[in-house]
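Asker: Sequence isn't available, so here's the structure alone:
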């Protein structure tokens with residue numbers, strides 16, 4: 001939680017932002033920050049990491065998180081702003 005607090009101090013989060021975590025792995029940081037933003041999107045090139053992140057989100061009851069199996073280079077420029 002200290003990491004989420006430090007990030008929130010550096011980049012004030014008031015629950016209205018949309019978070020994009022590229023290279024999210026199993027979603028650890030994405031899930032720490034998800035309660036502080038409107039929507040959190042985790043992207044990872046490894047399908048197993050996206051699957052692990054999905055399970056972790058279900059385990060903690062995170063409902064404002066989306067996961068994408070993509071390489072960073074394949075992320076559409078609008079991903080941080082859109083819900084598609």
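Answerer: Here it is on my side, so go on. This is a predicted model, so every value here is computed, not measured.

Asker: how close does the nearest residue in space to residue 68 that is not next to it in sequence get to residue 66?
Answerer: In this structure, residue 68 finds its nearest non-sequential neighbour in residue 43, 4.6 Å apart by CB to CB, 6 or more residues apart in numbering. Using the backbone N, CA and C atoms, a C-beta is placed for each residue, glycine as well. Applying CB to CB, to the nearest Å, the value for residue 43 to residue 66 is 9 Å.

Asker: And these two? Which one has more around it.
Answerer: Set side by side, residue 43 and residue 66 show more neighbours around residue 43, with 24 against 16, by other CB atoms under 10 Å.

Asker: ok now do the more buried one, which residues does it touch?
Answerer: By CB atoms under 8 Å, 6 or more residues apart in numbering, the contact list for residue 43 reads 20, 21, 22, 23, 24, 67, 68, 69, 70, 72, 75, 79.

Asker: Please identify the buried residues of the longest helix along the chain?
Answerer: For the chain, the helix with the greatest residue count under DSSP state H is helix 47-60. Neighbour counts using 16 or more other CB atoms under 10 Å place 49, 50, 52, 53, 54, 56, 57 of helix 47-60 among the buried residues.
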